[in-house]
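Asker: attaching a predicted model along with its sequence, questions to come.
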Amino acid sequence: MRSLVNFANALHDEREHLIRRALSEACHWSRFSHTGVVQSSDQYWLDCFSKKTVATADVRRFLSTYNIVRAKWFDQGVADEIVALRRSGWQPVAGVISLSADLASHIQREEKGDAAAPQGARNLGAAEDINDLNDDRGGQRTSAASKIAMFTMHEHPVFIWDSLALHAIKLRQWKFDKASGVSVRQSSFSQSFIKGGRHDYETYHAASSREYASALKNDVFCDAVATFVSYVSASGGPMKSMVSEDFYGRRLFDKLMVCEGERIGEWWAATKSSKK
């Protein structure tokens, strides 16, 4: 098996490139057209989820845009959850965990097993061991909950639970544990952020918060955040007046975790293949 340590070091050397790639993605997904907000953009969802009501057509589009379509949803139920989320005293960790459980009640159950993934759903790679399909079986919709919360409760420090971001945070947690003197085995890398067979969003959020704080000490990352803010300010749209600079930073960090997660998935697949 290829050395995880060597790969982690190589990935660290790619970080500047990955940050610039994440910036490109963040700007693309926050684009604005002066003839109207692009319906697949972050700007659209920030504006949409701030309204008194959310249309079921928008719910359906959001679930599809962010790859949360491995189950048949009751769209009106999801829309109601989005509106109900906007309340005082909401906390990101407890809020995402609670919403995850609530969203599970808005899935149409199949008579013979869970809904199958739709044809054309993205291939998440060999490193995937936590996904939205398994969310449904365990009564959890952590990915959907965190993605909805990111845009609905944007003033709170939410971090998205996503298959690719999980790869990145797992590896970073493994490196942190190793540097801290914790006894860790390479084989345990894929077991992070599961407790009692269920998603451990609390620990995942803590690890993400730590890594985000570390990113904010990186000059290249901070320059990318400033460029992201400048791009949105120049292009216009509701996002400029709705969110704080911290949202830009967290959104860029989410994109960076996805970029890192893709690279980790490639390494993991190659490692699996080399063992055959």
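Answerer: Everything's here; your move.
Asker: sec struct for W90, please.
Answerer: Using DSSP: H, G, I helix; E, B strand; the rest coil, the structure places W90 in coil.
Asker: list the contacts of R210.
Answerer: R210 makes contact with F176, according to CB atoms under 8 Å, 6 or more residues apart in numbering. (Each C-beta comes from the backbone N, C-alpha and C, glycine too.)
Asker: buried ones in the longest helix along the chain, by neighbour count?
Answerer: Ordering each helix of the chain by length in residues (DSSP state H) puts helix 245-275 first. Neighbour-count burial for helix 245-275, with 16 or more other CB atoms under 10 Å as criterion, is recorded at 247-265, 267-268, 271.
Asker: any idea of the mean pLDDT in it?
Answerer: Averaging pLDDT along helix 245-275 gives 91.
Asker: that one: how far from the chain's middle?
Answerer: Taking the mean of its C-alpha atoms, helix 245-275 sits 10 Å from the chain's own mean (CA atoms, centre = their mean, to the nearest Å).
Asker: same thing with stretch 169-182?
Answerer: The answer for stretch 169-182 is 20 Å, by CA atoms, centre = their mean.
Asker: how about that stretch: buried residues?
Answerer: 169-176.
Asker: neighbouring contacts of it?
Answerer: Counting by CB under 8 Å, 6+ apart, 4, 8, 11, 184, 188-190, 192-193, 204, 207-208, 210-211, 257, 260, 264 sit against stretch 169-182.
Asker: now those: which count as buried?
Answerer: Neighbour-count burial (16+ other CB under 10 Å) applied to the contacts of stretch 169-182 gives 4, 8, 11, 184, 189-190, 192-193, 204, 207-208, 211, 257, 260, 264.
Asker: list the contacts for T203?
Answerer: Taking CB under 8 Å, 6+ apart, one finds 192-193, 195 in contact with T203.
Asker: pLDDT below threshold where in the protein?
Answerer: 1-2, 36-37, 70, 109-138, 186-191, 275-276 (pLDDT under 70).
Asker: just the strands from it, written as ranges.
Answerer: Assignment of strands within the chain using DSSP state E yields the ranges 72-73, 107-108, 194-195, 198-199.
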